[in-house]
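Peer 1: Here is my input; please provide its structure:
(2 chains)
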Amino acid sequence: EAGVAQSPRYKIIEKRQSVAFWCNPISGHATLYWYQQILGQGPKLLIQFQNNGVVDDSQLPKDRFSAERLKGVDSTLKIQPAKLEDSAVYLCASSETSLQFFGPGTRLTVL
Amino acid sequence: QKEVEQNSGPLSVPEGAIASLNCTYSDRGSQSFFWYRQYSGKSPELIMFIYSNGDKEDGRFTAQLNKASQYVSLLIRDSQPSDSATYLCAAYNYGQNFVFGPGTRLSVLP
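Peer 2: Below you'll find the model as predicted:
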């Protein structure tokens, strides 16, 4: 069974530029999560989708971050404009029950 | 603010010893608890989960849960250098979401 796929794996941008990340969850997993993990910290939930509906986006900085999950499968997370403090690994995870599985992550560096 | 706390470490143990990792959580409504292993530069990998008070064993790993004390632990028996990683504890409240701790860095010395 294929795992969670993410792309790109690495991205370097300058502040005030925009960036987008893509995630394809494990087949059949209705729930999809985006996390931000800053070096030395645990993952912080940004947004949770159940199929194509948003369950929780309380920690998403909505002035600059947006996410969508069209058709309840793939998802994209966008940052516009990026700030230096957005440098982190962006992890996508999916789950069918309470067991969630992570993708490889996208390491974002904002210069 | 719901929190999960862990000692950041590093926790150093000799090869073959038992490593004991601890976690406390603030949300009494949390019902499920998870341990993830994260190697440097990699994403978290689920290694154990526990729902009920008591112990749950899987190979060299034992998870322990005490809901009254809001305490979760992970024991790793016969620790190997390959167990050196950061271990993340997460609490889950059904209908809400996962809350992760900051992780404990474990170093197993050959």
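
Peer 1: Give me the most central residue, chain A.
Peer 2: A:Trp34 (3.3 Å; C-alpha atoms, centre = their mean).

Peer 1: Please name the nearest non-neighbouring residue to B:Val4.
Peer 2: Excluding the flanking residues, the one nearest B:Val4 by C-beta to C-beta, 6 or more residues apart in numbering or on different chains is B:Gly101, at 3.8 Å. Any C-beta I mention is one placed from the backbone N, CA and C, and that applies to glycine too.

Peer 1: do the same with A:Cys92
Peer 2: Counting by C-beta to C-beta, 6+ apart, the residue nearest A:Cys92 is A:Cys23, at 3.5 Å.

Peer 1: Direction included, what does the helix or strand that neighbour falls within pair against?
Peer 2: In the assignment (DSSP states H and E), A:Cys23 maps to strand A:19-24. In the sheet, strand A:19-24 lines up against strand A:5-7 (antiparallel), strand A:75-79 (antiparallel) (DSSP bridges).

Peer 1: could you dump that strand to CSV, C-alpha only?
Peer 2: C-alpha atoms of strand A:19-24 as CSV (Å, rounded to 0.1, in the frame of the first residue of the first chain):
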residue,chain,number,x,y,z
VAL,A,19,4.8,28.8,-2.3
ALA,A,20,2.5,25.8,-2.6
PHE,A,21,2.8,22.3,-1.3
TRP,A,22,0.9,19.2,-2.5
CYS,A,23,-0.2,16.1,-0.7
ASN,A,24,-1.8,12.9,-1.8
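
Peer 1: quick one, phi psi at A:Asp86?
Peer 2: Per-residue torsions, A:Asp86: phi -80, psi -10 (degrees, to the nearest 10).
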